[in-house]
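Peer 1: how does the following fold in three dimensions:
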Amino acid sequence: MASDGATTQFGPAGRYAAALYAHASDTHQLDQTVEQMEALGRLIDESPDLRRLVGSPLIDVNQGRTAILTVLDREGFGKVVHDFVGVVAANRRLPLLRPIVAAFAALVAEKRGVIVAQVTTAHPLTDLQEQQLRARLIEAGYGNVNFIKSVDPSLLGGMVVRVGARLYDTSLKSRLQRLQYAMKGAA
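Peer 2: Numbers count the residues shown, from 1 in each chain. The predicted model follows:
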């Protein structure tokens, strides 16, 4: 298997994502799989119960597998994603399911020539803020950009943007930490 950026950047989640991408591509179901993985990511993000299910190491493997597959059946997911999630669950990797979805999205974007920016903010971005951020990244030479957004209230304000190996941290939390270090050095 070739060493893709998404595969190495996301570790085990990237390897699962690469395997799913290869299988979906080989079976000519890539577009359908991409749509369903996006839907799975939204489903995990929007359902606290599902997040608890996939995130808990205390749930029995067979019970977790049965529960997640029941949810996928109820939501109408196709065979490729259904079977893939079954393998993830059987391998005791359900806690990696959300990172696998993110790694898959990054791999698809990379293969399609789209740059993925991981954006973490203290509060959800408004549409205007997202447009302004996209414009700034285009000015910086990043062309076609997709965002993987997350919210981390501990940032207090500002944002952290990761584009490939580059990290742009304008969070209030990091500014306060730098100020604290500067004050320690002056004392």
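Peer 1: any weak-confidence spans in this protein?
Peer 2: 1-10, 186-187 (pLDDT under 70).
Peer 1: show me how the record splits it into domains.
Peer 2: In terms of domains, the chain is parsed into 5-109, 114-186 (source: automatic domain parsing).
Peer 1: among these, show me which one is buried the most.
Peer 2: domain 5-109 (a mean of 17; mean count of other C-beta atoms under 10 Å). Where you see a C-beta, it was placed from the backbone N, CA and C, and this is true even at glycine.
Peer 1: how far out from the middle of the chain is it?
Peer 2: In terms of C-alpha atoms, centre = their mean, to the nearest Å, the gap separating the centre of domain 5-109 from the centre of its chain is 11 Å.
Peer 1: what do you get for stretch 130-148?
Peer 2: Taking the mean C-alpha point of stretch 130-148 and that of its whole chain, the gap between them comes to 18 Å (C-alpha atoms, centre = their mean).
Peer 1: contacts for it, please.
Peer 2: When contacts are defined by C-beta atoms under 8 Å, 6 or more residues apart in numbering, stretch 130-148 is touched by residues 102, 105-106, 109, 113-119, 125, 159, 161, 163.
Peer 1: restricted to strands, list the residues you listed.
Peer 2: Applying DSSP state E to the contacts of stretch 130-148, the entries found in strands are 115-119, 159, 161, 163.
Peer 1: okay if I get those as CSV plus distance to Asn91?
Peer 2: Supplementary listing: the ones in strands among the contacts of stretch 130-148 in CSV, determined by distance: C-beta to C-beta, whole Å:
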residue, distance to Asn91
Ile115, 31
Val116, 25
Ala117, 30
Gln118, 25
Val119, 30
Met159, 34
Val161, 32
Val163, 31
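Peer 1: for those, which two are the farthest from each other?
Peer 2: The largest distance within the ones in strands among the contacts of stretch 130-148, taken as C-beta to C-beta, falls between Ile115 and Met159 and amounts to 16.7 Å.
Peer 1: over to Ile59. Which of the three states is it?
Peer 2: Reduced to three states with DSSP: H, G, I helix; E, B strand; the rest coil, the structure at Ile59 is coil.
Peer 1: quick check, it in contact with Arg65.
Peer 2: No. Ile59 is not in contact with Arg65 according to C-beta atoms under 8 Å; the separation is 9.5 Å.
Peer 1: which residue ranges of this protein form strands?
Peer 2: Under DSSP E, the chain gives strands at 115-121, 145-151, 159-163, 166-169.
Peer 1: so which of the ones you listed is nearest Arg15?
Peer 2: Minimum separation from Arg15 across these (C-beta to C-beta) falls at strand 115-121, 17.6 Å.
Peer 1: partners of that closest one in the sheet?
Peer 2: In the sheet containing strand 115-121, its partner strands are strand 145-151 (parallel), strand 159-163 (antiparallel), by DSSP bridges.
Peer 1: distance-wise, check Ile44 relative to Val85.
Peer 2: For Ile44, the distance to Val85 under the criterion C-beta to C-beta, to the nearest Å works out to 11 Å.
Peer 1: thanks again, I'm all set now.
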